[in-house]
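Chemist: need a structure here:
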Amino acid sequence: MGKREVNSEFRVPSSELKHAVFLDRDGVINECKVIDGQPFPPLSVNEFVMLPNVARACRNLKQAGFILVVATNQPDVGRGTLTQETVETIHGHMRSHLPIDRVEVCYHSGREVPECDCRKPKPGMLLRAARELNIDLSASWMVGDRWRDIDCGHAAGCRTVFIDYQYDETLRQQPDYRARSLLEAAELILNLELRKSGTGQ
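Modeler: So this is what the prediction gives:
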């Protein structure tokens, strides 16, 4: 039931490994409703509100040569409380405003036996994107606001940035870095890449 969506406009050459920034969707790109300390996704395109400076952050990362991949769990589809068509409509709207190369979606409910390999914290969505887009995971990043995102990034071999909204949940593993927004995360990533390459000296 995991699904991928590819934006052909931003296809990458297959001749060399690329660096990517994997982005969780809800809470990283768009606002969440927080109820009793827990975040909930938008249920329609009208409820989909992008967070401040997200377009700028994505543009800066793209200009620096990163592939941008959204990797999102959408278990409400598997649980029957949200339609796949609605999620795809939201993603079409999102991609019309952002230079996203690919969207990886897990629609499983999280209650399947056996479990799927695509639902975060498992790294299946990142591994699939890496295979098909020639991504070097060890040189890539995962940015998220939930423990599942951080564990997924670690499992895939990426460096991680945690956007901390003080949800009522505990991290299982510590992130490599913390930020207060996607823009701050993007600036952190770009500064670290500049230092690594020596061009920031």
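
Chemist: confidence score at Tyr165?
Modeler: Tyr165 is assigned 92 on the pLDDT scale.

Chemist: Buried residues, the longest helix along the chain. List them.
Modeler: In the chain, ranked by residue count with DSSP state H as the criterion, the top helix is helix 182-197. Buried residues in helix 182-197, defined by neighbour count with 16 or more other Cβ atoms under 10 Å: Leu182, Leu183, Glu184, Ala185, Ala186, Leu188, Ile189, Leu190, Leu192, Glu193. C-betas here are computed from N, CA, C, even on glycine.

Chemist: go on, stretch 69-86?
Modeler: Neighbour counts over stretch 69-86 (16+ other Cβ under 10 Å) mark Val69, Val70, Ala71, Thr72, Asn73, Gln74, Pro75, Asp76, Val77, Gly78, Leu82, Thr86 as buried.

Chemist: the helices in the protein, which residues?
Modeler: Counting by DSSP H, the helices of the chain are 54-63, 75-78, 84-97, 124-133, 147-156, 182-197.

Chemist: Which among these is found nearest to Arg111?
Modeler: helix 75-78 (7.7 Å; Cβ to Cβ).

Chemist: on contacts alone, who are the packing partners of the closest one?
Modeler: Helix 75-78 sits against no helix or strand, with contacts defined as 3 or more Cβ pairs under 8 Å, 6 or more residues apart in numbering; DSSP states H and E.

Chemist: pLDDT on that helix, on average?
Modeler: According to the model, helix 75-78 has a mean pLDDT of 94.

Chemist: repeat for stretch 143-161
Modeler: This predicted structure assigns stretch 143-161 an average pLDDT of 98.

Chemist: got the buried residues for stretch 29-41?
Modeler: Applying 16+ other Cβ under 10 Å to stretch 29-41 flags Ile29, Asn30, Glu31, Cys32, Pro39, Pro41 as buried.

Chemist: Closest one to Asp164 out of those residues, please.
Modeler: Among those, and counting by Cβ to Cβ, the member closest to Asp164 is Pro39, at 12.2 Å.
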